[in-house]
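Dropping a prediction and its sequence here:
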Amino acid sequence: MRRFSIPAFVLLFLFFPGRQSLAQDYALQEVMEVIETMFDGMRQMDADKVSSIFADGASLNSTGSLDGASFVRTMAATDFAEAIRQGTSGPAWDERIWNVDIEIQDNLATAWMDYAFYAGDQFSHCGSNTFQFVRNADDDWKVIAMADTRASDPCLIDQNKNEEAMVRTALRHYLRGHATGMGSEHEQAFNDVANLYWIRDGEFNSRSSAEYIAGAPGQPAENEADRFRYIDWVDVSGNAAVGKIILDYPGAYFTDYMQLLKIDGRWEIVNKIFDVDNE
């Protein structure tokens, strides 16, 4: 299974209508990647990463109630990024999202989601976000506008969904390790006792996470632009979770199943099993 570029999909639609579902799936994952990039940048207090998702002239809008009166506040995306740049000495901005609903029509997309915002570990407020996207001439999705609602009390937060968001944050470190080739990203995802297991040519194989991390190349793969990866699903029960990750590379299609535990308040991968389909 290979990832097709968006222009190729347009041609495929003419002859293979069934391919439309595959095209839509990839487009949805591309939009989701933009959303996650923004929230990763906020957690890392990385203003450049946050800026990278916005189109020129993009704005952020917030609405809520103050002293019984409704308000709307508007901020340029450039000012938002600058606020992150100025806030690097304080606690990280941790925005956890769930119930993400993405709709795509041609080169336009919208996304709705619920969120809870934390300054470090301290809860601040919650509400709903909406994003508007356009796909530019380089086939990149860019945010042209964002809006959010804000409430601090009462806040209806599904705790299981909140935990799922934190599990996804751990898995995002794993994905970034692949994207950057940096073992330091994988170190933030794996517990020290974690192992990897797989079957090759009918034989059982295993490897420690320490060995896996030590083998990181330290730089992105030469064909990184042709590699596609995403979190397919996550399931959480108490302090245990599992997640499925897809790595769709030229010549190889990996399916990873991760087992995670919440240890001292932090979600960590404690086991990985995977299958690879060599094309």
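That came through, no problem.

all contacts plus neighbour counts: C-alpha atoms, from now on.
Noted.

ranges for the strands of the stretch 51-200 of the chain?
For the stretch 51-200 of the chain, applying DSSP state E, counting those that start in this stretch gives strands covering 54-66, 69-76, 93-105, 108-119, 122-135, 141-149, 190-200.

Can you pull up the most central residue in this structure?
For the chain, the residue nearest the mean C-alpha position is Glu36 (3.4 Å; C-alpha atoms, centre = their mean).

secondary structure element for that residue?
Using DSSP states H and E, Glu36 falls within helix 19-43.

Flag every buried residue along that helix.
23-24, 26-43 (16 or more other C-alpha atoms under 10 Å).

now do stretch 230-238
Those would be 230-231, 234, 236, for stretch 230-238 by 16+ other C-alpha under 10 Å.

Just the ones of those in strands?
The members of the buried residues of stretch 230-238 that map onto strands under DSSP state E are 230-231, 234, 236.

Adding pLDDT and distance to Phe274, write these out as CSV.
Conversion of these to CSV gives the following (pLDDT from 0 to 100; distance: C-alpha to C-alpha, whole Å):
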residue, pLDDT, distance to Phe274
Tyr230, 92, 14
Ile231, 93, 14
Val234, 95, 16
Val236, 95, 19
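
Which members of these are the farthest-apart pair?
Tyr230 and Val236 (17.8 Å; C-alpha to C-alpha).

where's the closest residue to Asn160 other than its chain neighbours relative to Ser89, distance?
Nearest residue to Asn160, sequence neighbours excluded (C-alpha to C-alpha, 6 or more residues apart in numbering): Val236, at 6.9 Å. Distance of Val236 to Ser89, given as C-alpha to C-alpha, to the nearest Å: 33 Å.

And for Ala214?
31 Å.

Of the two, which one has the most company?
Taking other C-alpha atoms under 10 Å, Ala214 and Ser89 do not tie; Ala214 has more neighbours (15 against 9).

wait, isn't that one in contact with Gly183?
Yes: between Ala214 and Gly183 a contact is recorded at 6.7 Å, counting by C-alpha atoms under 8 Å.

Contact partners for the residue nearest to the centre of the chain?
Contacts for Glu36 (C-alpha atoms under 8 Å, 6 or more residues apart in numbering) come out as none.

Parallel or antiparallel, list what pairs with the helix or strand that Met258 is a member of.
Using DSSP H and E, Met258 maps to strand 252-263. Strand pairing for strand 252-263, using DSSP bridges, gives strand 240-249 (antiparallel), strand 266-278 (antiparallel).

Take those and lay them out in JSON lines including mean pLDDT.
Below are those laid out as JSON lines (pLDDT from 0 to 100):
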{"stretch": "strand 240-249", "mean pLDDT": "96"}
{"stretch": "strand 266-278", "mean pLDDT": "96"}
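
Including mean neighbour count, could those go into a markdown table?
Listed next are the strands paired with strand 252-263 as a markdown table, based on neighbours: other C-alpha atoms under 10 Å:
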| stretch | mean neighbour count |
| --- | --- |
| strand 240-249 | 19 |
| strand 266-278 | 18 |
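
want to throw those strands into JSON lines with distance to Gln122?
Listed next are the strands paired with strand 252-263 as JSON lines, based on distance: least, C-alpha to C-alpha, whole Å:
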{"stretch": "strand 240-249", "distance to Gln122": "23"}
{"stretch": "strand 266-278", "distance to Gln122": "15"}
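
Of all those strands, which one is nearest Ala170?
strand 266-278 (6.3 Å).

Does Ala210 belong to a helix, a strand or coil?
Three-state secondary structure (criterion: DSSP: H, G, I helix; E, B strand; the rest coil) places Ala210 in helix.

And the pLDDT for it?
At Ala210, the model reports a pLDDT of 96.

isn't it right next to Ala189, touching?
No: checked against C-alpha under 8 Å, the pair Ala210 and Ala189 is beyond contact range at 11.7 Å.

So the two - more neighbours on which side?
Neighbour totals were compared for Ala210 and Ala189, and Ala189 leads with 26 against 17 (other C-alpha under 10 Å).

Angles on the backbone of that one, please.
Reported as degrees, to the nearest 10, the phi and psi values for Ala189 are phi -100, psi -40.

Look up how far Val31 lies from it.
From Ala189 to Val31 the distance is 23 Å (C-alpha to C-alpha).
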